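**Student:** only the shape, not the letters, is given here:
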Ligand SMILES: NCc1[nH]cc(CCC(=O)O)c1CC(=O)O
Ligand SMILES: [Mg+2]
């Protein structure tokens, strides 16, 4: 930021900065815990949390090396995860599949298989929880494509309009399986309108669309790509021809405006902590339900430091999540959801 050269006489400046001191002492309200609680402007609650889970086609749990503490869940683990979420009062769960590599193809056909892993998981969760737990499904082709891109590739370019047609079918099979919230994370142009049209035509007028409207071409997604097994396939290729460049800011508002006009109910900014300015601008400009995704790389950073004993895990979990609330987010997708919910319950039951 450019600042005008500082020419004002020093004495005037110091007079200004003294304010009403000692009449005004901001430390008075910070003196006791009761007072700090009383003046608190922003709060984190369990109602703000969305829990992303990775699922695989098998039994038991598989650890993910770059996400220590987060496991892929097998079929037999789903019921317990649902119980955990419901018992803690977490409002919604987001499902991400680790598709077996033999099912990954250039056209990502498994994405539109009504009996794929995600659809089976949705049915299972809905069977267990009914409407007590919202189910969110990602719409993008990367967990299913042999090249790891979110769309169809022609001449090494991700093609927009043909991809959108597949995404509509993907959204439809997920909605038919019982998914409450369709969350397109692919960044193709026009996909929100097309998916909304598909859902309306199918009579599914009450299925929500949570658009990953402002999604950046970020290097903080690395551990997620390990978790769904797409990083090897993606190799050195990037997603910069469709995800936003990290230097863009106004463009994020343009993206959000379009997605709202096309029928998104809620919008998401992603990644989270490095993009809090975008969260703030989106919420203050549009005033619609706004979410942030504390992505895998953010989890990995905080976890790694905590595992070394360099940061206090519980405290940085809550502080990092509160930062999203302060920036204006109405909720946060976070791999810390269960831990955060437990910490919040513990704090309130004391
Ligand atoms: N389109 C897929 C998708 N959905 C969520 C994430 C990343 C989430 C995370 O890092 O936690 C990605 C990866 C990507 O865009 O490459
Ligand atoms: Mg867009």
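**Tutor:** Sure, I can see it. If you're wondering where the values come from, they're calculated on a predicted model, not measured in any experiment. Residues are numbered from 1 along each chain as shown. Ligands and ions are numbered 1, 2, ... in the order given.
**Student:** mind listing the helices for the stretch 101-250 of the chain?
**Tutor:** Counting by DSSP state H, counting those that start in this stretch, one finds helices in the stretch 101-250 of the chain at the ranges 117-129, 160-177, 191-201, 222-227, 231-234, 250-262.
**Student:** which of the ones you listed comes out lowest on mean pLDDT?
**Tutor:** Mean pLDDT per stretch puts helix 231-234 lowest among the helices of the stretch 101-250 of the chain, at a mean of 87.
**Student:** picking that back up, ligand 1: which of the helices of the stretch 101-250 of the chain is closest?
**Tutor:** For the helices of the stretch 101-250 of the chain, proximity to ligand 1 was assessed by Cβ to the nearest ligand atom; helix 222-227 is nearest, at 3.2 Å. Bear in mind the C-beta positions are built from the backbone N, C-alpha and C, glycine included.
**Student:** circling back to that earlier point, I'd like the helices of the stretch 101-250 of the chain laid out as TSV, including mean neighbour count.
**Tutor:** As requested, the helices of the stretch 101-250 of the chain are exported to TSV (neighbours: other Cβ atoms under 10 Å):
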stretch	mean neighbour count
helix 117-129	20
helix 160-177	21
helix 191-201	19
helix 222-227	21
helix 231-234	15
helix 250-262	17
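**Student:** could those helices go into a markdown table alongside distance to residue 79?
**Tutor:** Putting those into a markdown table (distance: least, Cβ to Cβ, whole Å) gives the following:
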| stretch | distance to residue 79 |
| --- | --- |
| helix 117-129 | 5 |
| helix 160-177 | 17 |
| helix 191-201 | 28 |
| helix 222-227 | 21 |
| helix 231-234 | 30 |
| helix 250-262 | 34 |
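**Student:** distance to ligand 1 for the ones you listed - can I get that in TSV?
**Tutor:** What follows is those, written out as TSV (distance: least, Cβ to the nearest ligand atom, whole Å):
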stretch	distance to ligand 1
helix 117-129	12
helix 160-177	11
helix 191-201	12
helix 222-227	3
helix 231-234	8
helix 250-262	15
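**Student:** how about the ones you listed, which one is nearest residue 22?
**Tutor:** When these are compared by Cβ to Cβ, helix 250-262 sits nearest residue 22, at 43.5 Å.
**Student:** the closest one to helix 191-201, inter-axis angle?
**Tutor:** 10 degrees (axes from the mean of the first three to the mean of the last three Cα atoms, to 10 degrees).
**Student:** which outside residues touch helix 250-262?
**Tutor:** Helix 250-262 has contacts (Cβ atoms under 8 Å, 6 or more residues apart in numbering) with 190, 192-193, 196, 211, 213-214, 244, 267, 269, 278, 281-282, 285-286, 288.
**Student:** can you tell me which residue is spatially central in the chain?
**Tutor:** residue 293 (2.6 Å; Cα atoms, centre = their mean).
**Student:** before we move on, the earlier item: and the furthest pair within the contacts of helix 250-262?
**Tutor:** Spatially, the most separated pair among these is 196 and 281, at 24.3 Å (Cβ to Cβ).
**Student:** interface residues of the stretch 1-150 of the chain facing ligand 1?
**Tutor:** 138, 140, 142, 150 (Cβ under 6 Å from any ligand atom).
**Student:** so what would you say the end-to-end distance of stretch 134-150 is?
**Tutor:** 24 Å (Cα to Cα, to the nearest Å).
**Student:** pull out the buried positions in that stretch.
**Tutor:** Buried residues in stretch 134-150, counted by 16 or more other Cβ atoms under 10 Å: 134-145, 147-150.
**Student:** strands - which of these land there?
**Tutor:** Those of the buried residues of stretch 134-150 mapping onto strands are 134, 135, 136, 137, 138, 139, per DSSP state E.
**Student:** let me know the closest of the residues you listed to ligand 1.
**Tutor:** With Cβ to the nearest ligand atom as the yardstick, the closest approach to ligand 1 among those comes from residue 138, at 5.1 Å.
**Student:** and that closest one, what are its bridge partners?
**Tutor:** Beta bridges link residue 138 to residue 183, judged by DSSP bridges.
**Student:** so where's the chain shaky on pLDDT?
**Tutor:** For the chain, the stretches flagged by pLDDT under 70 are 1-18, 350.
**Student:** distance check, the residue of the stretch 1-150 of the chain found nearest ligand 1 against residue 93.
**Tutor:** The minimum distance from the stretch 1-150 of the chain to ligand 1, using Cβ to the nearest ligand atom, falls at residue 140 (3.5 Å). Per Cβ to Cβ, to the nearest Å, residue 140 is found 18 Å from residue 93.
**Student:** cool, and residue 225?
**Tutor:** Residue 225 is 21 Å from residue 93, by Cβ to Cβ.
**Student:** equivalent analysis for residue 228, please.
**Tutor:** 16 Å.
**Student:** those two: which has the busier surroundings?
**Tutor:** Looking at residue 228 and residue 93 with other Cβ atoms under 10 Å, you find the greater number of neighbours at residue 93, namely 26 against 23.
**Student:** how many other residues sit next to the nearest residue to that one once chain neighbours are set aside?
**Tutor:** Once flanking residues are discounted, residue 93 sits nearest to residue 51: 5.0 Å by Cβ to Cβ, 6 or more residues apart in numbering. When neighbours are counted by other Cβ under 10 Å, residue 51 registers 24.
**Student:** give the contact list for residue 51.
**Tutor:** By Cβ under 8 Å, 6+ apart, the neighbours of residue 51 are 85, 90, 92, 93, 94, 333, 334, 337, 338.
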